[in-house]
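Structure for this input, please:
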Amino acid sequence: MFDNYDEISMSRTELLEKIQTQVKPSRFKHMLGVEKMATELAERYMGNIYSASLAGLLHDYAKEASTKEFLRLIDKYQLDPDLKKWGNAVWHGKVGFLKVKEDLGLDNEEILHAIEVHTVGAKEMSLLDKIVYVADYIEEGRDFSGVDKARQLAKKSLDIAVAYETRETIIYLADHNLPIYPQTLETYNSYIGALTDKD
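Numbering: from 1, shown residues only. The predicted structure follows:
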């Protein structure tokens, strides 16, 4: 991994210490796992390994922020008021990227966007967006039905992996009578074609 991150003027040691003040140990371990997987995917698909490392490491930076903090960010940055109807599962990406920007001074829009969409995806996703979205789902600490298949698909195509993971997420939410964020449906509609006859 990288010893220093010029984007935020911090050494790796300083950044890891900062992250550990924000999340519990199990979450920190997951973030390291996503970083590792993101860099592996970046190598496989000729992406920017530095950006994948930083985005993977920071994707859940705001995961344990308070509701008050998320609402403050929504108001301060005049985000869509509809976001207030949702919860942490949506907020820690769609709003949390702004906490990363504030706390760490990160201004790299590509990295920030990958953090923003890492749970809900987007109609159009960059290579880095896909890498972080997929890495979050398949990092080595994950253990659930379907994760092995997701890992296999990620070795074939990121688009196929995005489609599969989005489909499985929607099925899970529907089976548990949970609301589905509209952007997740946009991701599904945009990428599901990649999965046709592939699974």
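
C-alpha from now on. contacts and neighbour counts both.
Fine.

Quick one: distance of stretch 176-189 to the chain centre.
Relative to its chain's centre, stretch 176-189 lies at 16 Å (CA atoms, centre = their mean, to the nearest Å).

Quote the end-to-end distance of that stretch.
One end of stretch 176-189 sits 21 Å from the other (CA to CA, to the nearest Å).

and it, which residues are buried?
180-181, 184-188 (16 or more other CA atoms under 10 Å).

Among the residues you listed, which are located in helices?
Among the buried residues of stretch 176-189, the ones falling in helices (DSSP state H) are 184-188.

Closest to residue 134 out of these?
Closest to residue 134 out of these is residue 187 (12.9 Å), distances taken as CA to CA.

So in this structure, where's the weakest helix or strand by average pLDDT?
strand 4-5 (a mean of 90; mean pLDDT, DSSP states H and E).

In the sheet, which strands lie alongside that one, parallel or antiparallel?
Strand pairing for strand 4-5, determined by DSSP bridges: strand 10-11 (antiparallel).

what about residue 103, how many neighbours?
Using other CA atoms under 10 Å, residue 103 has 12 neighbouring residues.

Which residues are in contact with residue 88?
Residue 88 is in contact with 63, 67, counting by CA atoms under 8 Å, 6 or more residues apart in numbering.

same thing but at 6 Å, please
With contacts defined as CA atoms under 6 Å, 6 or more residues apart in numbering, residue 88 has no neighbours.

how near is it to residue 131?
22 Å.

Where does residue 140 sit: helix, strand or coil?
Three-state call for residue 140 (DSSP: H, G, I helix; E, B strand; the rest coil): coil.

Tell me who's in contact with the residue nearest in space to the middle of the chain.
By CA atoms, centre = their mean, the chain has its centre lying nearest to residue 118, at 2.5 Å. Shown in contact with residue 118 (CA under 6 Å, 6+ apart): residue 133.
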